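Peer 1: Prediction below, plus the sequence it came from.
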There are 2 protein chains.
Amino acid sequence: MPDVAVIGASMTNFGTREKWIRELLAEAGKDCLDDAGVTPGEVDHLYVSNMASGEFEGQTGIQNALAHDLSVVPAYAQRVGQTSSSGAAGIYAAWQSIASGASEMTLLVGGEKMTHRTTGESSDIIASITHPVEYKHGVTLPSFAGLAARLYLDEYDAPRESLAEVAVKNHHNGVKNPDAQFKKKIDVETALESPLVADPLRLYDYCPVTDGSAALLFCPVDQAREYADEFAVVSGVGGATDTHVVHERPDPTSMSAVVESGRQAYEMAGVEPEDIDVAELHDMVTILELLQMEAFGFSEEGAAWKDVKAGRTELDGELPINPSGGLKARGHPLGGTGVAQAYELYTQLVGDAGDRQVDADIGLACNIGGFGNCVNTTIMEASQ
Amino acid sequence: MPDVAVIGASMTNFGTREKWIRELLAEAGKDCLDDAGVTPGEVDHLYVSNMASGEFEGQTGIQNALAHDLSVVPAYAQRVGQTSSSGAAGIYAAWQSIASGASEMTLLVGGEKMTHRTTGESSDIIASITHPVEYKHGVTLPSFAGLAARLYLDEYDAPRESLAEVAVKNHHNGVKNPDAQFKKKIDVETALESPLVADPLRLYDYCPVTDGSAALLFCPVDQAREYADEFAVVSGVGGATDTHVVHERPDPTSMSAVVESGRQAYEMAGVEPEDIDVAELHDMVTILELLQMEAFGFSEEGAAWKDVKAGRTELDGELPINPSGGLKARGHPLGGTGVAQAYELYTQLVGDAGDRQVDADIGLACNIGGFGNCVNTTIMEASQ
């Protein structure tokens, strides 16, 4: 079974973009091929991670449209769907395509175009992933997050500003990411005074609505040096589900699919939590970053907020988390996020992260669909 | 790299069903696990092939919902999209999951719920896969088929009834398939007198709108005997794209993505056209069955219609094609069709096809998205 390398990566500017989904995906895909110096004709498989282009703009068949736009025809092309974790599911699909021998050059492009819709329309599209019984009772993803956050603060005697501190850190990092949606520092007071969304969570606890795309190019490790002096190796992948009905879970602050997908990825990579040098976590809402830190074993149970407060997860801390700015500041174009997280790991591992560069040989990314309903973990390492 | 076995298969009744997509998928998935005697807890990966549940009924996150409904949580769950070839793309994904070692037990469920929508609504959803320039000029999938059919008849001096004879054969077979949507024989005159759709094609040249689902269960060949005395082996898989804009193709009667995906599958399986004992082809419209027969090398160029007329593709012919009834009579629930085609091959290969049983050790299935935009070919063989 060949080991799998990432030999190129790209992301578009995230934010409000005057391009449709096809154009955003094509922009990232073309940049990625150029980054690796690979011609379209060399691509065997093309995967497109996207949650809802049909619902957002009436565009289906996106994989064939992109194969056309990138001139990779007759390459195999397929769409990968897993709601907001479609991006990392695409990494898993791309990894399988190389590891199975089906492809020797796989391009993955993920993205979403959202900002042309009203917040209400976007919310309805996103809410269609949750269980209808919960949705009818008003328990949407943002309100699940509020319930979990309240429980966490109560259970672990964490002050309310613990959550705000996650947002402050990620906004701080976003300033150093030229492609981030928000390049604006905020302070704890601003976050705490922002409009209430789902008590105790406020506007600045949540990621924005975003247009954007990112791409990665994969090949067998033993062919990677033909294309790149420095590259990354996908050393661990894992994916798992949790209950579709969130209220069936015994403890809403314990993310079992994060734990399970992490266990798989750690085992495949042969590493442990203390080996991870940098992480990109799915901070769709601040509380999720804390829960993932604990689920991955980066922090003791109930102590992630203390690690954030102590600065351990800042750019110059022991374990920088979300150096990209995370979903909070980089933005969250649903199907694009998992790919953008891996773009950040790749960029850090090959030493191209500019002002936000950290010292890292091994990185971990976690991409979440629903409220932990589907979770993918990816571990990447710098080539030797 | 482990060889990949199919150890169980199922399909629901196809037709107008009083169930939503979640229920249809769960019905097929549960039947498939029962067929193989595998418990939900043994499933490592779950793939869901579906084109447009979001557009048809506002249901996204279908992979997580199905993981819940089948009690396979915490199995990995992912949706596979490739418009009307999503089903066979799911086979390719499932094959990769086993061949890469990522999974040792993969359940694939494909399906679509369509009949609750008007024909106009369904047509709009399906048309969103084609190029907008073509759609705006009224050149939809049915009209492409009309143009290709006229060219074929002219070029090869084929009489108009050549097309009707494909429909007659597939309806004849559908009578023997208890799960088919149409269990009704038709004659050539009925087909030729049905309402005109896109000259020269008439209503009976086209497949119906269908609700239905099918499922397959995969594991490594060296573990298959633990579960089944007789099983099938996926010996060849291949997938390819053609131009997104159909009018860019040099010859609309030459399906290059069928040729390319077939070349890949033949090469992997180490077989040639004359080794194929039974085939399930994508007769979304009658002309496509003829074009695929030629693209796969079953017939000489321009001679497929003569082979149909001579009865070579009937149940008792040299190469039975669409013993299931095909899309024409079994029905065409978009994301379910590719899985249902492989269900038919499996059923034939293990000798469970009842009144429509043919003598077959090697079978081939072809599933098409768009007008040959995305194509997957699967070759399956009976276990020794």
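Peer 2: Here it is on my side, so go on.
Peer 1: Give me the nearest residue to A:A89, chain neighbours excluded.
Peer 2: Leaving aside its sequence neighbours, A:A89 sits nearest to A:Q82 (Cβ to Cβ, 6 or more residues apart in numbering or on different chains; 3.9 Å). (Glycine included, C-beta is placed from N, CA and C.)
Peer 1: Would you list the phi and psi of the one you found?
Peer 2: A:Q82 adopts backbone torsions of phi -160, psi 50, taken as degrees, to the nearest 10.
Peer 1: And it, how close does it get to A:D283?
Peer 2: Here the distance between A:Q82 and A:D283 works out to 18 Å (Cβ to Cβ, to the nearest Å).
Peer 1: Neighbour count: the two, which is higher?
Peer 2: Neighbours of A:Q82 and A:D283, each counted by other Cβ atoms under 10 Å in any protein chain shown, are more numerous for A:Q82; the result is 35 against 29.
Peer 1: That one contacts A:N373, doesn't it?
Peer 2: No. Contact status for A:Q82 versus A:N373: not in contact, 9.1 Å apart, counting by Cβ atoms under 8 Å.
Peer 1: related to what we said a few turns ago, report the contact partners of the residue nearest to A:A89.
Peer 2: A:88-89, A:369, A:374, A:376, B:63, B:77-79 (Cβ atoms under 8 Å, 6 or more residues apart in numbering or on different chains).
Peer 1: would you list these in JSON lines and tack on distance to B:G335?
Peer 2: Formatted as JSON lines, the entries for the contacts of A:Q82 read as follows, by distance: Cβ to Cβ, whole Å:
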{"residue": "A:A88", "distance to B:G335": "22"}
{"residue": "A:A89", "distance to B:G335": "17"}
{"residue": "A:G369", "distance to B:G335": "19"}
{"residue": "A:C374", "distance to B:G335": "18"}
{"residue": "A:N376", "distance to B:G335": "22"}
{"residue": "B:Q63", "distance to B:G335": "12"}
{"residue": "B:A77", "distance to B:G335": "15"}
{"residue": "B:Q78", "distance to B:G335": "13"}
{"residue": "B:R79", "distance to B:G335": "9"}
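Peer 1: So how do I select the buried members of those in ChimeraX?
Peer 2: The buried residues among these can be selected in ChimeraX (16 or more other Cβ atoms under 10 Å in any protein chain shown) with this line:
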select /A:88,89,369,374,376 /B:63,77,78,79
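Peer 1: Give me the subset of the contacts of A:Q82 lying in helices.
Peer 2: With helices identified by DSSP state H, the entries of these that belong to them are A:88-89, B:63.
Peer 1: ok, the residues you listed vs A:L46, which is closest?
Peer 2: Distances from the ones in helices among the contacts of A:Q82 to A:L46 were compared by Cβ to Cβ; the smallest belongs to A:A89, at 14.9 Å.
Peer 1: In chain A, where is pLDDT below threshold?
Peer 2: Scanning chain A with the threshold set as pLDDT under 70 gives A:1.
Peer 1: Identify the residue nearest the geometric centre of it.
Peer 2: For chain A, the residue whose C-alpha lies nearest the mean C-alpha position (Cα atoms, centre = their mean) is A:G338; its distance is 3.1 Å.
Peer 1: CA atoms only for whichever strand or helix holds that one, dumped as CSV, please.
Peer 2: When elements are assigned from DSSP states H and E, A:G338 belongs to helix A:337-349. What follows is helix A:337-349 as a C-alpha-only set of coordinates in CSV (Å, rounded to 0.1, in the frame of the first residue of the first chain):
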residue,chain,number,x,y,z
THR,A,337,-13.1,24.1,5.4
GLY,A,338,-11.5,20.7,5.8
VAL,A,339,-9.4,21.3,2.8
ALA,A,340,-8.4,24.7,4.0
GLN,A,341,-7.4,23.2,7.4
ALA,A,342,-5.1,20.8,5.6
TYR,A,343,-3.8,23.6,3.4
GLU,A,344,-2.7,25.3,6.6
LEU,A,345,-1.0,22.2,7.9
TYR,A,346,0.8,21.7,4.6
THR,A,347,1.9,25.4,4.6
GLN,A,348,3.2,25.2,8.1
LEU,A,349,5.0,21.8,7.5
